[in-house]
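Asks: I need the structure of the sequence given here:
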Amino acid sequence: MNRRFFLTGVAGIGLAACASAPALQLGAAPGPDALDLESAAAEAWIYGVMLIENANARSTTEAPTNTLLHAYELTNVNTQFVTTPNNDTLYSRAWIDLDGGPVTLEIPASGKRYVSYAFMDMYGTNFAILGTRTTGGDARRITLVGPDDATNDPLAIRSPTRWVWLLVRTLIDGEADRAAANALQNKMKLVVPVRPKAPKYATRDAPWSDYFASVQALLIENPPPVEDLAFFDRVARLGLGPLGGFDAAKFSADDAAKIQSGIAKGKAAVIGRRSGSARNGWMYPRSNLGAFGQDYLFRAQVAVGGLAALTPAEATYLRPVYSDGGFLWPSDKPWKLRFEKDNLPPVDAFWSLTAYERTDDGAFYFFNNPINRYAIGDRTPGLKYGADGSLEIYIQRADPGGAKSSNWLPSPPAKPLTLSMRFYLPKASVLEGAYVMPALIPG
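Replies: Now for the predicted structure:
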């Protein structure tokens, strides 16, 4: 009862009784902490965009609800389905609706192969990550229950929201390993009746009335944590609430202009930005990545620029920061990344450097390139190290030629470049900030 709003109470004692608590009242007068309408719209857009991005990912998946869909090949420019995809692991994914009762996941034995099963709620929180790091390589049978399920199973995983996004990442070591990796995927099973697909909702670029109407519907479908009550007090003038309350028709033309201005400010704080600490030209992630709490701005930035990110202990993501403070680098210039022998990425699994181009709406995706290479890392076939044990990676549009070709990561042919450095199962030196990435320099 302290995690979500009192939906069980609503069903049992009625909305009127539940609404008697001041923080949950619908249509109550804004309190002393309430923001003006423009500021409320900015905060509410930021708050709601993770719900919106997840809902759109949910509605565009090809599989029926409660069905595990496997990608049997590495993600490429033709199969990418989420911003900043990786090109290291095979994806398996399912949108799970717990409204019909518990779901059972059968996890096959994976041995020493890296696998992670990330369970994310509609607010982007990784509330459980199973697999190599946490449950090991043995076979498991896991029960997943909804926020109101009355289970007495101490090992059941309870989701904070009715809807859950399960995203499985299975390591594949080249084409020769694909049959074995695919066989493992096929042993993963969801034991549950198929549920109806969820309805579609507005996108983040929809008109303000449609956007906030969709956020309102998603709040009712997946009640927010009780710790968010102060946020709803702040945006009271917008009418958005956990039990309903948003009504676009009550706003005047002047009000609508203020709301639109607020949304523009919210977008400016999110798109193309990421919170964290910059060190030696790289943005290190905040420790609450994938478990955001009330850090709504960081959550929004991840929703737009890195949806479904894992927690740092599972995978740490770094991005190089350009001289203007952003993440976009000129792709018409050559760049180089040099690791000294004693400064190679410290990981217990593997590492990779991935190149993306940014779309017009602020997302990051793979792009066509002459060698169909989207990432380079410690498992890249033919990777060449120097005589002194150092490693140089060349990021540019044209093949650098000669021995350098093996270490070439192509840049976008026209749009600016952005990079993501991934440490899978990073060692303590990464998590504690002792490891310092080498700076990206002109090639």
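Asks: for the stretch 1-150 of the chain, what spans make up the strands?
Replies: Secondary structure of the stretch 1-150 of the chain, counting by DSSP state E, counting those that start in this stretch: strands at 69-70, 89-97, 103-107, 115-120, 126-131, 140-145.
Asks: of the ones you listed, which is nearest Lys197?
Replies: Lys197 lies closest, by CB to CB, to one member of the strands of the stretch 1-150 of the chain: strand 89-97, at 8.4 Å. To be clear about C-beta, it is placed using only N, CA and C from the backbone, and glycine gets the same treatment.
Asks: just give the closest residue to Val164, not the sequence neighbours.
Replies: Of all residues not flanking Val164 in the chain, Ile96 sits nearest, at 4.3 Å (CB to CB, 6 or more residues apart in numbering).
Asks: span of stretch 127-139 from start to end?
Replies: Here the two ends of stretch 127-139 are set 21 Å apart, with distance taken as CA to CA, to the nearest Å.
Asks: which parts of it are buried?
Replies: For stretch 127-139, a neighbour-count test (16 or more other CB atoms under 10 Å) marks 127-133, 135, 137 as buried.
Asks: what's the mean pLDDT across that stretch?
Replies: Taken as a whole, stretch 127-139 has an average pLDDT of 98.
Asks: so what's the gap between that stretch and the chain middle?
Replies: Centre-to-centre, stretch 127-139 and its host chain are 19 Å apart (CA atoms, centre = their mean, to the nearest Å).
Asks: residues in contact with it: which ones?
Replies: 106-121, 140, 142, 157-160, 310-311, 313-314, 349, 425 (CB atoms under 8 Å, 6 or more residues apart in numbering).
Asks: 7 Å - rerun?
Replies: 107-112, 114-119, 121, 142, 157, 159-160, 310-311, 314, 425 (CB atoms under 7 Å, 6 or more residues apart in numbering).
Asks: which of those are buried, as a ChimeraX select command?
Replies: Selection of the buried residues among those in ChimeraX, burial being defined by 16+ other CB under 10 Å:
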select :107,108,110,114,115,116,117,118,119,121,142,157,159,160,310,311,314,425
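Asks: for the closest residue to Arg113 other than its chain neighbours, what are its contacts?
Replies: Sequence neighbours aside, Leu171 is the residue nearest to Arg113 in space, at 5.5 Å (criterion: CB to CB, 6+ apart). Listed by CB under 7 Å, 6+ apart, the contact set of Leu171 reads 88-89, 113-115.
Asks: using JSON lines, lay out those together with pLDDT and distance to Asn280.
Replies: Below are the contacts of Leu171 laid out as JSON lines (pLDDT from 0 to 100; distance: CB to CB, whole Å):
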{"residue": "Asp88", "pLDDT": "95", "distance to Asn280": "24"}
{"residue": "Thr89", "pLDDT": "97", "distance to Asn280": "27"}
{"residue": "Arg113", "pLDDT": "98", "distance to Asn280": "33"}
{"residue": "Tyr114", "pLDDT": "98", "distance to Asn280": "27"}
{"residue": "Val115", "pLDDT": "98", "distance to Asn280": "32"}
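Asks: ok, of these, which one's closest to Leu219?
Replies: Nearest to Leu219 among these is Thr89, at 32.4 Å by CB to CB.
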